[in-house]
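Student: based on what follows, work out the 3D shape:
(one chain, ligands or ions: 1)
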Amino acid sequence: MHSIDYNKLPKHIAIIMDGNGRWATKKMLPRVMGHKAGLEALRGIVKACSDIGIKVLTVYAFSTENWNRPSDEVSFLMKLLVDYMRKETAELHKNNVRIKILGDLSPMPDMTGKEINDALKLTQNNNGLQFNIALNYGGRAEIIKACKALLSEALSKNISIDAIEDTMFEKHLYTEGDIDPDLIIRTSGEQRLSNFLLWQSAYSEFIFPEKLWPDFGKEDLLNAIYQYQSRDRRFGALK
Ligand code: FPP
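Tutor: Residues are numbered from 1 along each chain as shown. As a prediction, the model looks like this:
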């Protein structure tokens, strides 16, 4: 294990927690057990990010496409989320974590919405780790939402099309006010973005560990940060 440079930490880490289903299948367990184990892995990673001083952690918990999974798997994920919010919020609050949701909560079951809103309210003034949970989130839907809002703003305030700049657009994204992710990790060896943070990932570094999400722990996170620190980020410019 190499040691990381704590002065050059990525400020924002985003994670696609992939491989829960395969993890369960390998152990001859139902798929949902993979999600349960995935939630345990998530607990460890939130704690690790908070401990090492990461500013923002974003996780892809449920995409707009995940509604197409079998209904018992969807309800299990919703239940897991409610349980997580119920059991974990006090601990997150104690650790000064601020929870934020990226996505459209309107189609969520009432109970899920209530637990989420309670957690948001309780942690809203915390200034430690910002923990973004992407829930019913899709990058394209987010971009369309922002386009509509910006267009309506431009019409009502008489802003000319030529005056539109990216900062005006970003104001209407779920990530409003957040720095873009420096590092995006997708576990399980898959190498795709799957509609995650399409706008925000313009200059992110990508790391694709082979491990399935439930097996991903603090050492793996530190290893990903170590790899990130060896990358040469030029943002389109020359050195
Ligand atoms: C992808 O694995 C994972 C998901 C679709 C859900 C991620 C959710 C969790 C880790 C737990 C719940 C999180 C919260 C905040 C309650 P997959 O099912 O696509 O795995 P596979 O590719 O092996 O089938």
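Student: next, count neighbours for whichever residue of the chain sits closest to the ligand.
Tutor: Nearest residue of the chain to the ligand, counting by CB to the nearest ligand atom: residue 21, 2.5 Å away. In short, each C-beta sits where N, CA and C put it, glycine included. By other CB atoms under 10 Å, 20 other residues sit near residue 21.
Student: mind listing the helices for the protein?
Tutor: 20-26, 31-52, 71-94, 110-123, 139-157, 166-170, 218-229 (DSSP state H).
Student: would you list the ones you listed in TSV and tack on mean pLDDT?
Tutor: As requested, these are arranged in TSV below (pLDDT from 0 to 100):
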stretch	mean pLDDT
helix 20-26	98
helix 31-52	96
helix 71-94	92
helix 110-123	89
helix 139-157	97
helix 166-170	96
helix 218-229	97
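Student: minimum distance to residue 211: which of the ones you listed has it?
Tutor: Smallest distance to residue 211 across the helices of the chain (CB to CB): 5.9 Å, for helix 218-229.
Student: buried sites along the closest one?
Tutor: 220-225, 227-229 (16 or more other CB atoms under 10 Å).
Student: over to stretch 208-221?
Tutor: Quick answer for stretch 208-221 (16+ other CB under 10 Å): 208-209, 211-216, 220-221.
Student: within reach of the ligand, which of the residues you listed are there?
Tutor: Applying CB under 6 Å from any ligand atom to the buried residues of stretch 208-221, one finds that residue 213 fall near the ligand.
Student: rewinding a little: surely the residue of the chain closest to the ligand and residue 36 touch.
Tutor: No: with contact defined as CB atoms under 8 Å, residue 21 does not count as touching residue 36 (11.9 Å).
Student: those residues of the chain touching the ligand, which are they?
Tutor: Residues of the chain lying near the ligand (CB under 6 Å from any ligand atom): 17-22, 35, 38-39, 42, 61, 66, 80-81, 84, 133, 213.
Student: and the pLDDT for the closest residue to residue 104 other than its chain neighbours?
Tutor: Leaving aside its chain neighbours, residue 104 sits nearest to residue 136 (5.1 Å; criterion: CB to CB, 6 or more residues apart in numbering). If you check residue 136, the pLDDT there is 92.
Student: residue 136: how many residues sit nearby?
Tutor: Neighbour tally, residue 136, other CB under 10 Å: 20.
Student: same deal with residue 93?
Tutor: If we define neighbours as other CB under 10 Å, then residue 93 has 17 of them.
Student: again, but for the one 5 residues further on
Tutor: Burial of residue 98 is recorded as 19 neighbouring residues (other CB under 10 Å).
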